[in-house]
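Undergrad: Okay, sequence plus prediction incoming.
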Amino acid sequence: SSITAYQISQKGTRLIDFLDPALKASVDEYIQAPGGGHDDVVKVLWEEDNFYLHGVNGYRVLSSVTETEDVSYVSSPFLPSSLLHTKSALWQLTSNAHRAHESAAGVTSIRDELSEVIHLTGVKLLVGEWIPFGSNQIAALNDKLGSTERVKGGLFTALVDEQPDGTQFQCNTGLTSVRILEFDLCQYLAFQAEINYPEKEGIVQVEHFGVTANEDGTVCYGLKVESILDRIDNLSLDHLARLMIDIMQDSSLIMDSLISVYQRSLLNMMFMGNSTNREKFMIIIAEEIDPHKRRAEDYMDKEDCENELKQVIGDTQSAHNLDPDELLVIGRRGILVVGEKAIRHEATLVAYLSLMSKTIFITNFFTRLFTVHEHLKKVHGMIDNYEKDPNSIGRIRKLLSVNSREVIQLQEMLSYLEESLEGMSLPAEPAEGSGDPAAVRLWQLLKPATQLRNLARRLQDMKKNIKGLDHEIQYLQEGCNVISESRSFRLQEDLQTNTKNLEDVFRSNERASSSLEMMQVILAGSLAFDVLDRLTGEWSVVDQPWARDWIVQPLINRAGVWFMLNMTLWVVIALSLVRFMNYLADMSGNVQTLRVKPNLRIDIDQLGAFLARKAVSEEGSERDTSGSV
């Protein structure tokens with residue numbers, strides 16, 4: 001919904017000087033933090049799902065702006081006959097008129113001093129909303145409420161039994177008592193529900209609703225206001241506004257305890273987790289209004305009368321005289337119909353209620369589309385700047401998954417809306433000569449046929465938005481895949497670089513190995529020479545007579561013989577060393593590794609005994625945090 005913000009003008013700033021000092025002091029006391037100066041204005045911050053007022057010196061107070069003021073009242077279930085198919089269902093509706101006095105014994109939590117201007121008598125309320133329904137959902141609801149059973153209805157809650165095998169189910173006070181009026185297994189269901197939610201001390205609220213749920217998704221709640229506080233007639237709009245807020249919230253709790261988990265998930269997605277406070281359309285039917293003005297336009301005075309009307313029907317749009325005794329006021333969130341016999345227009349009013357309920361849902365649907373679009377824009381920005389945050393790919397995939405699921409749910413609800421509009425039929429338009437000019441005038445002002453055509457056009461337009469979001473998600477998924485492929489490509493490039501570096505290392509090792517072999521050959525020659533030196537050195541046996549005869553004369557004194565003997569010994573020792581090194585290399589490379597994953601259950605004790613008999617040279621392990629043993 002739109003929000004209107006106001007800013008004081010320069011002329012208004014000058015007019016402040018002429019205000020009553022007492023009024024300015026009251027305003028200053030409200031907006032200034034305690035202990036602060038004239039310019040120390042409190043700041044409003046949203047924290048922990050609440051509004052807080054912050055000021056100087058650590059001032060922090062929980063705001064009560066979102067708290068609803070309660071009034072004591074008594075109501076009876078009410079349903080228009082056009083919503084019921086049998087008269088017996090009307091006769092089964094409970095009347096609490098005999099309990100009207102109970103609200104007089106109750107109290108109210110209103111702290112303001114009320115200046116009452118408009119009063120209504122004989123008030124009936126119709127509250128409408130649209131919930132994704134279908135034949136199967138209606139059948140499931142009938143089955144849940146036991147419509148086909150001998151004992152129908154019962155006490156219901158939205159709580160889930162976490163221990164279905166247990167013998168007890170404990171829940172807080174707040175069950176909904178349901179009594180079936182009539183039903184068709186796959187088309188509709190009518191019942192009355194009594195709310196038993198706990199209230200603040202001293203507050204007396206007898207809440208009894210009539211409820212109808214149709215296959216097209218229209219859900220209507222109806223009640224007759226028997227009394228508010230100590231009044232049966234001349235009900236104040238200030239009190240009625242607080243009663244209506246209570247009805248809005250409690251009616252959501254009624255349906256949340258009855259609809260399926262699937263429907264609740266759709267509503268929670270649509271209203272982003274705040275489905276309990278979802279907007280509904282309100283029709284107020286009253287027999288009398290006080291003051292009764294001859295001209296309907298007189299209620300649109302931009303003063304006290306119009307301000308009070310805004311409390312119950314939202315921003316007022318127009319006021320009309322249906323005839324001298326009947327009045328229609330149209331607002332953004334509801335309409336007010338006043339007349340002693342205004343209930344005869346119920347067929348037109350119910351059709352309008354259904355159309356406006358769909359209008360509210362489609363408006364929220366359209367807003368939700370742009371919310372998803374903004375989320376996709378955020379994902380688009382994360383994809384464009386993923387290099388700045390290497391770990392963003394996981395968040396991107398998660399956001400895409402969430403938005404994909406939301407788009408799928410939006411497509412499902414769009415299908416429900418399309419079926420609802422295609423199957424909707426309007427009552428016959430009152431003819432000019434029907435003898436009821438008020439009914440003709442009401443039809444012309446509410447324009448149900450035009451509303452239906454406009455909704456169908458808006459629905460067709462939103463199909464394009466849904467299709468665009470679907471294409472956007474596919475585009476972003478492809479972008480995410482490109483990021484993954486790019487990262488894989490870079491990883492492959494890094495692996496290729498590392499492989500190339502390893503190849504260079506291997507080549508270097510090969511060169512080093514060749515040099516080592518050469519050194520081994522050289523060392524072998526040195527070894528051979530040293531051996532001969534040890535055998536023929538001056539300190540050795542060559543000085544002995546036998547050595548001169550066997551070594552010096554035949555080997556050393558003859559030219560070239562001793563040299564050839566040195567070379568021969570060098571070759572023999574070098575070849576022996578090379579063959580021995582090759583043997584060691586062959587032995588080290590003669591290793592075969594076999595890995596088998598049988599995926600069979602094992603005996604830990606037997607495994608330990610088997611490993612104890614083996615010489616463990618290498619050990620490895622893997623860990624998977626996603627599983628459990």
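TA: Good, I have the coordinates.

Undergrad: E297 touches A319, doesn't it?
TA: Yes. Distance between E297 and A319: 5.9 Å, which falls inside the contact criterion (CB atoms under 8 Å). Using the backbone N, CA and C atoms, a C-beta is placed for each residue, glycine as well.

Undergrad: These two: who's more crowded?
TA: A319 (21 against 12; other CB atoms under 10 Å).

Undergrad: Counting by contacts, list what the host helix or strand of the more buried one packs against.
TA: Assigned by DSSP states H and E, A319 falls within strand 316-323. For strand 316-323, the contact count by 3 or more CB pairs under 8 Å, 6 or more residues apart in numbering; DSSP states H and E identifies helix 304-313, strand 326-331, helix 437-446 as packing neighbours.

Undergrad: got a markdown table for these, with mean neighbour count, mean pLDDT and distance to K144 too?
TA: Listed next are the helices and strands packed on strand 316-323 as a markdown table, based on neighbours: other CB atoms under 10 Å; pLDDT from 0 to 100; distance: least, CB to CB, whole Å:
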| stretch | mean neighbour count | mean pLDDT | distance to K144 |
| --- | --- | --- | --- |
| helix 304-313 | 19 | 90 | 33 |
| strand 326-331 | 21 | 93 | 35 |
| helix 437-446 | 18 | 92 | 35 |
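
Undergrad: who wins for proximity to Q492 among these?
TA: Minimum separation from Q492 across the helices and strands packed on strand 316-323 (CB to CB) falls at strand 326-331, 65.3 Å.

Undergrad: quick one: what helix or strand has the nearest residue to C480 once chain neighbours are set aside in it?
TA: The shortest distance from C480 to any non-neighbouring residue, by CB to CB, 6 or more residues apart in numbering, is to I396 (5.5 Å). Taking DSSP H and E as the definition, one finds I396 inside helix 392-422.

Undergrad: What residues sit buried inside that helix?
TA: Under the neighbour-count criterion of 16 or more other CB atoms under 10 Å, helix 392-422 has 392-393, 396, 399-400, 403-404, 406-407, 409-410, 413-414, 416-417, 419-421 buried.

Undergrad: Please apply the same query to stretch 278-293.
TA: Of the residues in stretch 278-293, 278-289 count as buried by neighbour count, 16+ other CB under 10 Å.

Undergrad: V178 should be in a helix, yeah?
TA: No. Secondary structure of V178 (DSSP: H, G, I helix; E, B strand; the rest coil): strand, not part of a helix.

Undergrad: That one pairs with what?
TA: When bridges are taken as DSSP bridges, the partners of V178 come out as G154, A193.

Undergrad: Report all helices and strands that the helix or strand containing N481 contacts.
TA: Assigning secondary structure by DSSP H and E places N481 in helix 448-536. With contacts defined as 3+ CB pairs under 8 Å, 6+ apart, the secondary structure elements packing on helix 448-536 are helix 346-384, helix 392-422, helix 561-589.

Undergrad: What's the mean pLDDT across that helix?
TA: The average pLDDT for helix 448-536 rounds to 80.

Undergrad: what's the angle between that helix and helix 392-422?
TA: For helix 448-536 against helix 392-422, the angle between stretch directions is 160 degrees (axes from the mean of the first three to the mean of the last three CA atoms, to 10 degrees).

Undergrad: how distant is helix 448-536 from the center of its chain?
TA: A distance of 37 Å separates the C-alpha centroid of helix 448-536 from that of its chain, computed with CA atoms, centre = their mean, to the nearest Å.

Undergrad: now the angle from that helix to helix 437-446?
TA: Taking the same axes, to 10 degrees, one finds helix 448-536 and helix 437-446 inclined to each other by 30 degrees.

Undergrad: Please name the nearest non-neighbouring residue to A431.
TA: If the residues on either side of it in the chain are set aside, A431 comes closest to V440, at 7.5 Å by CB to CB, 6+ apart.

Undergrad: next one: V312
TA: Of all residues beyond its chain neighbours, the one nearest V312 is A241 (5.2 Å), with distances taken as CB to CB, 6+ apart.

Undergrad: In terms of secondary structure, what does the helix or strand in which that neighbour is found contact?
TA: Element membership of A241 [criterion: DSSP H and E] is helix 237-256. Here helix 237-256 is seen to pack against strand 119-121, strand 124-130, strand 188-195, strand 205-214, strand 218-228, helix 304-313 when contacts are counted using 3+ CB pairs under 8 Å, 6+ apart.

Undergrad: what inclination does that helix have with respect to strand 124-130?
TA: 40 degrees.

Undergrad: about what we covered before: may I see the helices and strands packed on strand 316-323 organised as CSV, with distance to L62 added?
TA: As requested, these are arranged in CSV below (distance: least, CB to CB, whole Å):
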stretch, distance to L62
helix 304-313, 25
strand 326-331, 32
helix 437-446, 43
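
Undergrad: F183 is nearest to which of those?
TA: When the helices and strands packed on strand 316-323 are compared for distance to F183 using CB to CB, the nearest one is helix 437-446, at 29.1 Å.

Undergrad: distance between the closest one and the chain's centre?
TA: Once both centres are worked out by CA atoms, centre = their mean, helix 437-446 turns out to sit 42 Å from its chain's centre.

Undergrad: Just want the angle from that helix to helix 346-384.
TA: Here helix 437-446 points in a direction 10 degrees away from that of helix 346-384 (the same axes, to 10 degrees).

Undergrad: shaky segments in the stretch 101-250 of the chain?
TA: Applying pLDDT under 70 to the predicted model, the residue ranges of the stretch 101-250 of the chain that meet it are 155-174.

Undergrad: Specify the angle between the helix or strand where Y262 lies and helix 346-384 in degrees.
TA: For Y262, the enclosing helix or strand under DSSP H and E is helix 261-270. Angle of helix 261-270 versus helix 346-384, following the same axes, to 10 degrees, is 70 degrees.

Undergrad: Quick one: list the elements packing against helix 261-270.
TA: Using 3+ CB pairs under 8 Å, 6+ apart as the contact criterion, the secondary-structure elements in contact with helix 261-270 are helix 346-384, helix 392-422.

Undergrad: change it to 10 Å
TA: Applying 3 or more CB pairs under 10 Å, 6 or more residues apart in numbering; DSSP states H and E, one finds that helix 261-270 makes contact with helix 135-145, helix 237-256, helix 346-384, helix 392-422.

Undergrad: Name the residues of that helix that are buried.
TA: Taking 16+ other CB under 10 Å as the criterion, helix 261-270 shows 263-264, 266-270 as buried.

Undergrad: Which two among the buried residues of stretch 278-293 are spaced furthest apart?
TA: When those are compared pair by pair using CB to CB, the maximum separation belongs to R278 and E288, at 31.8 Å.

Undergrad: before we move on, back to that, contact partners of the helix holding Y262?
TA: 129, 131-134, 136-137, 140-141, 158, 160, 217, 252, 255-257, 259-260, 273-276, 278, 361, 364-365, 367-368, 372, 402, 405-406, 408-410, 412-413, 416 (CB atoms under 10 Å, 6 or more residues apart in numbering).
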